[in-house]
Every structure is written in structure tokens, then in C-alpha cells.
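Novice: Make a model of this:
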Amino acid sequence: MYDILVVDDERWIRKGIIKMIDGQGSLIGNIMEADSVEAAERLFDECRPHIIISDVRFPKEDGCILCRRIYQKSPKTKIIMLSGYNDFEYVKSALNYKAVDYLLKPVAREALNDAIRRSIEEIRINEKPDIKKQEQDHGSVAKQPQPPVSVTGKNVDDIIRQVTEDIRSNYGEKISLSGISAKYHVSEAYFSSMFKKSMGTTLMNYLMGYRIEKAKELMMTTDRKIVDIAVLVGYPDIHYFNKVFKKLTGEAPRDYKKKLMIELKGGDDDL
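Specialist: Residues are numbered from 1 along each chain as shown. So this is what the prediction gives:
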């Protein structure tokens, strides 16, 4: 499945784009969102989405800078640029970094999904040149990622065990799929597949869950402010921490801590 990252500083635009994305025959996996170039880069480093849909203009940033940085990190990642301006310089910059398309706002559903479809086709062709022939012959997509010749089932179990230990010891540090893949000399696709099979969840979901549990523990056992706790558990961006915390607990960090303080001390503490 193919993950997508939608980047725009306007929340209603992000939600509108996400709503327009169809399932592409159930090929779409997670759809993430970011409200700035900085947040998008962080999410990209952590989750490595296959497709990025980004505005070209932000209040203090340039979406073409994001396009360039993503291209430098991962030339195979597909980028679809959006803009309210038919600006030739933006178009030229986007094309320099192999953007799949440059769509003008308001974006048409058909044009958006066509660009996503072409992105997926290009990714699949690059991953396995004969995939179309396989589908014609067998009516199915490519097989599960295969391990490098030197990696055995026991090796993978050991690596997964070590990775979970690394997370428990270093959850406050920057941890990414690409970093783990490089450290243990396994492909990202294969490790992701094996981790999910072994742990029942993706690596990044496991990391997020562990970090939030640690944040809850720090709220209970210390008087640190939420912004400090966020940094300690690996989220230097408080806005992103708030979003992840609420997604996993159903409550904003501030509300969770206030309720916790009432239960523990019978009153509201300064947050």
C-alpha cells in the first residue's frame, strides 16, 4: 500500500484534499498531514510516505524548498504540487525536482486522483519493472518484500528485539525507519513488513505509542510542563505532540493532565 502526506498550512484545505482522495483500488495506505514545511520534513523522515501532495506557498516558507529537500533525500518519492497561482517559476522549480504534476487550486477531484494514480504507477514500475506483466499473468500485485540473502528469520527476530530495546532506551531521540534500515543493513520495505507481522503494528505506530505512554507517565510522576515533556519524549514541535497525543488518547495533553491532577491531588495544578 502507498502512504500519502498532505502538506498545507490551511487545515480546511488539507481535510478537503484528503476527502477527495479515493482508494485507488485499495492501494492507498495511511494519509498523513502537516501544516508546515518543517512538520512535513519531520514526518517524511519518520514515516517515509510514498507520495507528497504539497502547496507551494506557506506564510514563512516555500513549498519548493520542501520539494527540493525531499528529492535530495529520496528521488523516488513522488511529489504533487498545488498552487493558487499559475506561476511559471514555481512550475519550473517543481518540474526540476521531478514533480508528477502541478495542480491549480481549487483542485479538481479527477485531476488530483489522476496525479495520484500516475504517481503509484511510476513507483510500482520503478520498484519492479515487470509488475504489469505479473498482474496480467497472475492477476495480483508484487509479492511480499524479500529479505537480503544474509538475513534469516532468526536475524530478523533479533533485529526487531534490538529495535524495540533501542526505542525503550532512546525514545527521546530522533528515530526513523531509514535510520534503522541503515543501522541493521536491511531494506526498509522488508523490515517494515516483518516488524508489522511480528508486533501487530507498524514501527512508527509502535514508536508513537511508546512515546505517548512515556509522556503520560511523566505527567503523573513529575511537575514538568507539557512543552518540556513533549521534547523529552521526542517531539520538539509541541503542536505535533498535541496532535499525536490526542489521536492516541482521545484527549488533548492539557486536558489529560488537568484531569490527572484532579484525580491525584484533588485540584488543578499549573500546567
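Novice: how about the nearest residue to residue 45 once chain neighbours are set aside, what does it touch?
Specialist: Distances taken as C-beta to C-beta, 6 or more residues apart in numbering place residue 176 nearest to residue 45, at 4.9 Å, with adjacent residues excluded. Placement of C-beta: from N, CA and C, glycine included. Contact analysis of residue 176 by C-beta atoms under 8 Å, 6 or more residues apart in numbering lists 45, 46, 48.
Novice: if we go to 10 Å?
Specialist: Neighbouring residues of residue 176 by C-beta atoms under 10 Å, 6 or more residues apart in numbering: 42, 44, 45, 46, 47, 48, 182, 188, 203, 204, 207.
Novice: with these in mind, which one is nearest to residue 172?
Specialist: residue 207 (11.2 Å; C-beta to C-beta).
Novice: Just name whatever secondary elements the helix or strand in which the closest one is found is in contact with.
Specialist: Assessed by DSSP states H and E, residue 207 sits inside helix 203-221. Applying 3 or more C-beta pairs under 10 Å, 6 or more residues apart in numbering; DSSP states H and E, one finds that helix 203-221 makes contact with strand 28-34, helix 37-47, helix 153-170, helix 177-184, helix 188-199, helix 226-232, helix 238-249, helix 253-265.
Novice: residue contacts, the residue nearest to residue 198 when sequence neighbours are not counted?
Specialist: The shortest distance from residue 198 to any non-neighbouring residue, by C-beta to C-beta, 6+ apart, is to residue 160 (5.3 Å). Going by C-beta under 10 Å, 6+ apart, residue 160 touches 184, 191, 194, 195, 197, 198, 199, 203.
Novice: Of these, keep whichever come out buried.
Specialist: Buried members of the contacts of residue 160, counted by 16 or more other C-beta atoms under 10 Å: 184, 191, 194, 195, 203.
Novice: Please look at the third one and residue 180 and confirm they touch.
Specialist: It stands for residue 194. No: shown here, residue 194 and residue 180 do not form a contact pair, counting by C-beta atoms under 10 Å, at 11.7 Å.
Novice: can you list residues touching both of those two?
Specialist: With C-beta under 10 Å, 6+ apart, residue 194 and residue 180 have common neighbours 159, 186.
Novice: Low-confidence ranges, the stretch 101-250 of the chain, go.
Specialist: 127-154 (pLDDT under 70).
Novice: Could I get the CA-only coordinates of the helix holding residue 207 as PDB?
Specialist: Output of helix 203-221 as PDB, limited to C-alpha atoms (Å, rounded to 0.1, in the frame of the first residue of the first chain):
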ATOM      1  CA  LEU A 203       7.200   0.600  13.500                       C
ATOM      2  CA  MET A 204       6.100   4.300  13.600                       C
ATOM      3  CA  ASN A 205       2.800   3.400  15.400                       C
ATOM      4  CA  TYR A 206       4.800   1.400  17.900                       C
ATOM      5  CA  LEU A 207       7.200   4.300  18.500                       C
ATOM      6  CA  MET A 208       4.300   6.900  18.800                       C
ATOM      7  CA  GLY A 209       2.500   4.600  21.300                       C
ATOM      8  CA  TYR A 210       5.600   4.200  23.400                       C
ATOM      9  CA  ARG A 211       6.400   7.900  23.400                       C
ATOM     10  CA  ILE A 212       2.900   8.800  24.400                       C
ATOM     11  CA  GLU A 213       2.800   6.300  27.200                       C
ATOM     12  CA  LYS A 214       6.100   7.800  28.500                       C
ATOM     13  CA  ALA A 215       4.500  11.300  28.300                       C
ATOM     14  CA  LYS A 216       1.600  10.100  30.400                       C
ATOM     15  CA  GLU A 217       4.000   8.600  32.900                       C
ATOM     16  CA  LEU A 218       5.900  11.900  33.100                       C
ATOM     17  CA  MET A 219       2.700  13.800  33.600                       C
ATOM     18  CA  MET A 220       1.900  11.600  36.500                       C
ATOM     19  CA  THR A 221       5.200  11.400  38.200                       C
END
